[in-house]
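Peer 1: Predicted structure and sequence below. I'll ask about it afterward.
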Amino acid sequence: MTSHASLPAVPVDSLRWREILDVLRSAKRVAVTTHIHPDGDALGSVMALVWMLQLTGVEAVPVLTDPAPENLRFLDAGGEARVAGDPRVDAVLSASDVIAVVDVSTSDRLGRLMNRVLAAPGRRICIDHHTDGDFPAAPSLIDTSASSAGELIYELSRLLLGDGPLPLRIAEALYAAIMTDTGGFRYTNTTARTHRVVAELIEAGVKPEHIYREVYHKARPEVLRLLGLALAGLQTDIQGRLAWIDITQERLALSGARQEDVDGFVELPRTLLGVDVVILFMELQSGKVKVSMRSREGVNVHDLASQFGGGGHVHAAGILMEGPWIASREALLEAARKALGGRTA
Ligand SMILES: [Mn+2]
């Protein structure tokens with residue numbers, strides 16, 4: 001393989017892509033889809049793959065279960081994505097000879113589209129970086145050492161398009177994918193390889209500050225006001241090892257923010273010195289209590305969540321508690337104190 005004009009190309013193991021390449025190169029129509037509530041990696045990977053395929057003469061269409069969140073709409077500026085509910089989705093799925101599923105390998109994470117994807121006549125392929133799920137696809141490429149689906153789609157781009165510089169919009173979609181899934185190149189999934197791939201994307205013309213601003217700098221004043229109210233009410237316990245914030249209906253009303261604006265708030269108390277577990281309690285209109293938890297290395301919030309019927313990952317878990325507000329909060333805080341080996345009330 002020849003090298004990029006000014007930077008050494010990231011080595012790509014073309015062997016592991018051989019079957020996927022064979023399928024894509026002989027395809028005429030490809031639908032590309034991803035998981036419910038698409039995030040930056042999901043949407044960036046879908047759009048990049050669609051555009052790469054279009055460049056090779058394939059009729060490729062992005063198909064989503066849920067619309068892209070507002071801050072990520074710039075990735076589909078042309079409005080190419082067909083979203084579940086759109087009558088054209090069924091036509092796209094039944095006319096596709098290949099359905100490519102990216103950033104997900106668990107069937108039920110396809111949500112409303114799951115049954116239609118499984119019933120469609122096309123061949124299913126899967127490219128993902130999550131632990132192997134149950135989604136039936138052949139061939140599939142699952143690589144849990146990749147930071148993101150975007151990092152894998154980058155590899156595929158080298159093989160599909162060759163070594164020349166990537167078209168800017170593909171490079172931007174991949175950059176957004178990798179940046180969001182690595183928390184801005186901070187999480188433990190960030191590797192030297194991730195940075196090499198990103199170097200190539202910048203070489204292709206991506207302006208990091210531009211993509212960062214597109215994704216993260218779109219807050220509305222009411223959202224920052226709600227964040228202010230939540231942080232002003234921050235509480236800690238067990239010498240700062242446990243911290244929590246409350247989003248009450250009253251605070252939502254006072255700020256004018258919406259429930260979905262709270263996304264990401266749980267990240268802020270994680271910056272506290274010495275904190276091991278962070279909990280965000282949100283009072284829902286129904287009276288139920290939605291809980292998000294995050295933990296440091298060595299503390300398992302999945303176990304804590306499962307005591308209350310919730311689930312998730314070791315370091316990020318959630319629960320939907322029945323309420324009432326005070327009793328639910330106290331019960332979980334007590335269990336958290338116990339889990340941290342602290343003194344209980
Ligand atoms: Mn991902």
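Peer 2: Structure's in. What do you need? Residues are numbered from 1 along each chain as shown.

Peer 1: Contacts for the helix or strand residue 280 falls within, please.
Peer 2: Assigned by DSSP states H and E, residue 280 falls within strand 277-283. Identification of contacts with strand 277-283 by Cβ atoms under 8 Å, 6 or more residues apart in numbering yields 230, 241-249, 259, 262, 265-266, 269-270, 272, 289-296, 299, 301, 304, 323, 325, 328-329, 332-333, 336, 339-340. Bear in mind the C-beta positions are built from the backbone N, C-alpha and C, glycine included.

Peer 1: Tell me how far the residue nearest the centre of the chain lies from the ion.
Peer 2: The residue lying closest to the centre of the chain (Cα atoms, centre = their mean) is residue 39, at 3.9 Å. Distance, residue 39 to the ion, using Cβ to the ion, to the nearest Å: 7 Å.

Peer 1: do residue 147 as well
Peer 2: Applying Cβ to the ion to residue 147 and the ion gives a distance of 8 Å.

Peer 1: Leaving out chain neighbours, which residue sits closest to residue 110?
Peer 2: residue 117 (5.7 Å; Cβ to Cβ, 6 or more residues apart in numbering).

Peer 1: before we move on, what about residue 121?
Peer 2: Residue 121 sits nearest to residue 94 (Cβ to Cβ, 6+ apart), 6.5 Å away.

Peer 1: Mind listing the residues bridging to the nearest residue to residue 123 once chain neighbours are set aside?
Peer 2: Spatial nearest neighbour of residue 123, excluding adjacent residues (Cβ to Cβ, 6+ apart): residue 98 at 5.1 Å. Bridge pairing for residue 98 (DSSP bridges) gives the partners residue 30, residue 123.

Peer 1: these two touch, right, residue 98 and residue 121?
Peer 2: No - Residue 98 is not in contact with residue 121 according to Cβ atoms under 8 Å; the separation is 10.5 Å.

Peer 1: Residue in the stretch 151-300 of the chain with the shortest distance to the ion?
Peer 2: Residue of the stretch 151-300 of the chain nearest the ion, by Cβ to the ion: residue 181 (4.5 Å).
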